[in-house]
Each structure stands twice: as structure tokens, then as C-alpha cells.
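Participant: just a sequence and a predicted model for now, questions to come.
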Amino acid sequence: MRILFCCQIADDLAKGRMEKVAELVERADIDTPEALLEEIEGFDAVIVPYTNHKMITKEVIDRGSSLKVVGTTYGGTRQNVEDEYAIEKGLAVIHTAASRPRPMAEYTLGLILSSLTRIHAYHHLMRSGEAWPRMNFGRTRILHNRSVGVVGYGLIGKGIVDLVKHFTNDISVRSKHMSEAEATAEGLKKRELNEIFAQCEIIILAGGYNPDSTHHLIGKEQFDLMQEESLFVNIARGKMVDEAAMEKSVAEKNIFLALDVFEEEPLRADSPLRENDRVLIAPHRANAPIEFEQRWQCLADEFEKLAAGEKASSALTLERAKAMSES
């Protein structure tokens, strides 16, 4: 197997594993689809890094007569690969999402715990000149035994649920793919979107963004249903939420927000979300933990399986590809 990496492999151990089962070519200078078109012939697989444009286009797929595998060095494929077309042409489309659930889940847990205990708000006040703001927020909360709802039960959603189970047994999920019996077997309640917003104290958005089906999935109707002092957390995609409706709701209603993503990024300087002390904001950094670098080991796992004649664990189905967000 000949594999073209349009980047340098940043993990020597993973690189050594892959070199045992394939011939590797690293070409970080190939950073446009036009350049890739000129080099693709003769390779069985091509892996691209994150870029702001499509790299593995329909034209690249058609020209790569030897291609069997296409993929990315990061969690998704939608940003850089014509993934649906590749699947329809019989190619395996692989990615490194297996490196994401635990780091994303711990980051989400951090947002929840800080929002409930107000640690970030105390820190901000003490750094901003208030000497001892002990009584600014009254009694705070912990996560133990509180009702949690997770919207989206893919790899990330499941990772969050696995962590939250250490704090509470009252967990609901909104999933199109899980039956009520399957949810019950995992100790979960399957609920519809509005039920989660009406009945859960902590609501976490963890699903994938699709402009046709999940754009503004969350809006005024859902925020109106939230209980007083309930918390909405978004570590998914900003465009899944009607930000204007969210801004209005948190201004008028005693609810809390913890947001890592926004409808337009970077978040505009005059956003009212920056001024509300019931809102925790972060600049889209749930992907910051160093453990994301396990992505190279994920690729090594996949190419070892493929070399052994097995199916890659991350190989997308057409249905899964359609549900994935851009990274």
C-alpha cells in the first residue's frame, strides 16, 4: 500500500507503525486540490490535514485510479473531503474522531462545573480589581444528582454521558439512532428535544451540524422552555443555535449559558454575551487538549487493520457522512 500524506506525520511512533505496513510519502507542499491532482496517481490512500478548503475533491477522487482510502488527520472529513462522493465511488473514508471523545467530554465537564460553581466568575472579579467577592453570587450548585440532557448521542455525546454518569443517574438523551430500549439498557431516558429543554437542569448540545437539518435547531421555543437557573452548554456548532434568540433569552430570563462555539466566529466584540455574568464563553478551544494528538495513533490503527484485510473502524457510512459537521 502506498499512502500520500499531504503533511508531515507528527508522531514518530505512529509513523513507525505505518511504515511497517505501507510505503509512506510525506508532502507538506501539496496544499491545494490542483497540486494534489498532479500527484495522486499511483497512491492507494491519501490523507490530508485541516485546511480551509476542500482538498480531496471529486476530480482528485476520479483521477486517483488506484485510490482505495481517503481521509484526514483530524476529527472530521466534511471540511476537506468530498466524503459522500468518495463513499459512493466505493472508497473507505477514514478520520481520527476516536481521539476526541474523552478530551471533549472533560472540557465539557469543566464548562459545566465552572458554570455551576461560578469559579470563572470569581476569578474574573478578583483579577479585575474586586478584592474579595465572596458573596456576589450567593449559593452555587454542584453537579451531583442533577438532571442532565444531552442532545446528540454520537461519539462525543456518549463520551460526555460516560463522564456525567459519575455525578448523576438522571440523564436524558435526544438521539435519532437510539431506540428507547437501547437507552433504557444504558441507564438513560430517551426524550425529544423540547422535553429535554423543559425537564433537564443542564442541557448539553453535542450533535453534528448539517445546514439542511440542524441549522438553528435550538431557538426561542427551546429557550422559553428552560427552567429558571438551568444551564445550556454548547460544544457542538454555533450555527445549530439561533444566537439572537439565545442572547435575548439570557438577558430576560434567569438561565445560564456555557458556550465554546458561536454562530459567527470570532464572536463579535460588542456581543452582549461578553457582558452577562451568567454566561461563560470560550474561543472554540474544546479541541485544545494535547490528547487530541492521539489522532496519529488512530491512523496507525486504521492502516494496520486495512493491511490485515479488515475494515477500518472509522470508515464512514453514507448516513454518518451526511450527519458530520465541518471542523
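Facilitator: Happy to help now that I have it.
Participant: who are the contact partners of Q297?
Facilitator: Under the criterion of C-beta atoms under 8 Å, 6 or more residues apart in numbering, the contact list for Q297 reads 11, 13-14, 17, 99. Any C-beta I mention is one placed from the backbone N, CA and C, and that applies to glycine too.
Participant: by neighbours, which of these wins?
Facilitator: When neighbours are counted as other C-beta atoms under 10 Å, the busiest of the contacts of Q297 turns out to be S99, with 22 neighbours.
Participant: which ones are touching that one?
Facilitator: Residues in contact with S99 (C-beta under 8 Å, 6+ apart) are 75, 291-295, 297-298.
Participant: quick one on the thing from earlier: and the furthest pair within the contacts of Q297?
Facilitator: Farthest-apart pair in the contacts of Q297 is R17 and S99; separation 15.2 Å (C-beta to C-beta).
Participant: how near is G75 to E34?
Facilitator: Between G75 and E34 the distance, using C-beta to C-beta, to the nearest Å, works out to 26 Å.
Participant: where in the stretch 201-327 of the chain is pLDDT low?
Facilitator: Across the stretch 201-327 of the chain, the stretches falling below the confidence threshold (pLDDT under 70) are 325-327.
Participant: in strands, which of the contacts of Q297 appear?
Facilitator: Counting by DSSP state E, the contacts of Q297 place none of their members in strands.
Participant: and those as JSON lines, adding distance to L318 and pLDDT?
Facilitator: Shown next, in JSON lines, are the contacts of Q297 (distance: C-beta to C-beta, whole Å; pLDDT from 0 to 100):
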{"residue": "D11", "distance to L318": "30", "pLDDT": "98"}
{"residue": "L13", "distance to L318": "33", "pLDDT": "98"}
{"residue": "A14", "distance to L318": "28", "pLDDT": "98"}
{"residue": "R17", "distance to L318": "29", "pLDDT": "98"}
{"residue": "S99", "distance to L318": "23", "pLDDT": "95"}
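Participant: sec struct for the residue nearest the centre of the chain, please.
Facilitator: In the chain, the C-alpha nearest the mean C-alpha coordinate belongs to A236, at 5.3 Å (C-alpha atoms, centre = their mean). With DSSP: H, G, I helix; E, B strand; the rest coil as the basis, A236 sits in coil.
Participant: what's the domain layout of the chain?
Facilitator: 2-99+291-323, 101-281 (automatic domain parsing).
Participant: how far does the last one stretch from one end to the other?
Facilitator: Looking at domain 101-281, the gap from its leading to its trailing residue is 21 Å under the measure C-alpha to C-alpha, to the nearest Å.
Participant: what are the ranges of the strands in the stretch 201-327 of the chain?
Facilitator: Along the stretch 201-327 of the chain, counting by DSSP state E, counting those that start in this stretch, strands occupy 202-205, 231-234, 256-259, 279-281.
Participant: tell me which of these sits most buried.
Facilitator: Most buried of the strands of the stretch 201-327 of the chain, by mean neighbour count (mean count of other C-beta atoms under 10 Å): strand 202-205, with a mean of 28.
Participant: so what touches it?
Facilitator: Against strand 202-205 from outside (C-beta under 8 Å, 6+ apart): 108, 112, 116, 143, 146-152, 157, 160, 196-197, 217-218, 226, 230-236, 240-241.
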